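Chemist: 3D, please:
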Amino acid sequence: MSVLANIGSIESKPTKSKASRKGKQAWRKNIDLSTLETGLEERLEEKIKGGVPIVEQTNSDLFQVDTKPDANIIAPPKKKLRIEKILESSSKITVPGKSNKQLEKEVYKDRYDRKLKASLKALVNKPFFKEDPLLNRSNTSVNQRYDVWAGEEDNNAAIEQRNHKKSLSKLSTMELHYKEKKIKKPIVLESALDLKKLIVPAVELPHPGMSYVPDETERLDLVNKVAKNIRKEIAKETKISKFIKNFKGNKNQAIEFEQKLVEKEALIQTKTEIAKVKATIPKTKLGKYSVKQIEIPVKLSGKLTKSLRTLKPESNLLLESFVGLQKRNLIEPRVRVEKKRRYKLKTTEKWSYKDFK
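Modeler: Down below sits the predicted model:
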């Protein structure tokens, strides 16, 4: 009996399991939408490939009869990378709100060509020089003088002569107008390097007063030059010290300041004139520091030597050449930066005093 029961179970068809009426599927009445979904997906694929579904397309769009032979052998397309294929959009469905780039380019090109043609036409039709509106007045307003006693032929000849003179004067004025509007050639300035050579030479010659057997006048001139520099430095120091002492100021000082202001105004005028001359020379300063001046070696009358053997070396050639390079703006002048403490030292009482309490 057990064998027969097993055979019957094999031959019988599988029965569908009944859906429960309590779940969401029962609310939707167990509708099968698989066929509809597949159809929609196929339609969407057709749109992606062709832009329009195949059903809506005409035969002329789908099929084409090739009657002409291939005149030019088309080269095979360049093989793209896989990443490029992934990134590029293969869909032919136009995105709403975005126009085709190719159409945009064509529109822009047409617009550009139209503008270019219009500008070229304007240049072609433009007169070579502007005519004076006073010259283009009609000859009707001009008073034609007639000789009462002369004949008609004489009067006509006089009018023709007058008109000829006017035309000549018109041409002459036009020529003058053209001459005035001639483009002037730009004034080519000398190169900055040539001007620099004139201002500062590559090798500065020493003062003749520095010689081991100098002329007395030249030596004294050099001494005066050095003394002047020293006086300037002393004057600066004294000026600063006076200013610090009498910082508050008095009435007498106010009068002095007024006098100095008048002197300063006169100095400013002279300085402006000098600046105008200096403006013609191209100057470029490298860095924020000025070139440091070298101390000029001077020999007093007691230290003069009449032979080169006893002469002691005073100047430094390396330093002179280095300063020369700085003056010619080939090297930036530098100043040694002094080391300064960032924060001030604080005096504090040690905690060890608590032990003695």
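Chemist: quick one, helices of the chain?
Modeler: Chain-ordered helices for the chain, with DSSP state H as the definition, fall at 2-11, 24-27, 34-50, 59-62, 82-87, 101-125, 152-180, 192-199, 216-245, 251-279, 317-327.
Chemist: show me where pLDDT drops low in the stretch 251-357 of the chain?
Modeler: Of all residues in the stretch 251-357 of the chain, those with pLDDT under 70 make up the ranges 251-252, 279-284, 356-357.
Chemist: residues touching residue 331, list them.
Modeler: Neighbouring residues of residue 331 by Cβ atoms under 8 Å, 6 or more residues apart in numbering: 286, 322, 325. Yep, even glycine has a C-beta here, placed from its N, CA and C like the rest.
Chemist: pretty sure residue 297 is touching residue 212, no?
Modeler: No. When contacts are counted by Cβ atoms under 8 Å, residue 297 is not listed as touching residue 212 (11.3 Å).
Chemist: report pLDDT for residue 108.
Modeler: Here the pLDDT value assigned to residue 108 is 66.
Chemist: re earlier: list only those of the contacts of residue 331 flagged as buried.
Modeler: With neighbours counted using 16 or more other Cβ atoms under 10 Å, the contacts of residue 331 contain these buried positions: residue 325.
Chemist: tell me the one among the contacts of residue 331 nearest to residue 123.
Modeler: Proximity of those to residue 123 (Cβ to Cβ) peaks at residue 286, which lies at 47.8 Å.
Chemist: phi, psi for the closest one please.
Modeler: Recorded main-chain torsions at residue 286 are phi -90, psi 120, according to degrees, to the nearest 10.
Chemist: state the distance from the closest residue to it other than its chain neighbours to residue 296.
Modeler: In space, residue 286 comes closest to residue 332 once its chain neighbours are excluded; the distance is 4.2 Å by Cβ to Cβ, 6 or more residues apart in numbering. The gap separating residue 332 from residue 296 is 24 Å, by Cβ to Cβ, to the nearest Å.
Chemist: more crowded one of those two?
Modeler: Applying other Cβ atoms under 10 Å to residue 332 and residue 296 shows that residue 296 carries more neighbours, namely 16 against 12.
Chemist: doesn't residue 227 make contact with the more buried one?
Modeler: No. Contact between residue 296 and residue 227 fails when scored by Cβ under 8 Å: they sit 10.8 Å apart.
Chemist: run through the residues that contact residue 287.
Modeler: For residue 287, the contacting residues are 332-334, by Cβ under 8 Å, 6+ apart.
Chemist: could these go into a markdown table alongside distance to residue 84?
Modeler: Output for these, formatted as a markdown table (distance: Cβ to Cβ, whole Å):
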| residue | distance to residue 84 |
| --- | --- |
| 332 | 52 |
| 333 | 58 |
| 334 | 56 |
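Chemist: count of neighbours near residue 222?
Modeler: Burial of residue 222, expressed as a neighbour count using other Cβ under 10 Å, amounts to 21.
Chemist: let me fix that: residue 75
Modeler: Other residues near residue 75 come to 6 when the count uses other Cβ under 10 Å.
Chemist: got a pLDDT number for it?
Modeler: As summarised for this prediction, residue 75 has a pLDDT of 79.
Chemist: again, but for residue 41
Modeler: We note a pLDDT of 93 for residue 41 in this prediction.
Chemist: change the start of the numbering to 32 and stick with it
Modeler: Renumbered: residue one is now 32, and that last one reads residue 72.
Chemist: look up how far residue 318 lies from it.
Modeler: Counting by Cβ to Cβ, the separation of residue 72 from residue 318 is 75 Å.
Chemist: please apply the same query to residue 99.
Modeler: Look at residue 99 and residue 318: by Cβ to Cβ, they are 77 Å apart.
Chemist: could you do residue 364 as well?
Modeler: Where residue 318 is concerned, residue 364 sits at a distance of 6 Å (Cβ to Cβ).
Chemist: same question for residue 375.
Modeler: In this structure, residue 375 lies at 31 Å from residue 318, with Cβ to Cβ as the measure.
Chemist: same check on residue 261?
Modeler: In this structure, residue 261 lies at 27 Å from residue 318, with Cβ to Cβ as the measure.
Chemist: repeat for residue 82
Modeler: Plainly put, residue 82 is 68 Å away from residue 318 if you go by Cβ to Cβ.
Chemist: neighbours of residue 297, how many?
Modeler: Residue 297 - counted by other Cβ under 10 Å - has 10 other residues nearby.
Chemist: now do the contacts for residue 153.
Modeler: Counting by Cβ under 8 Å, 6+ apart, there are no residues that residue 153 touches.
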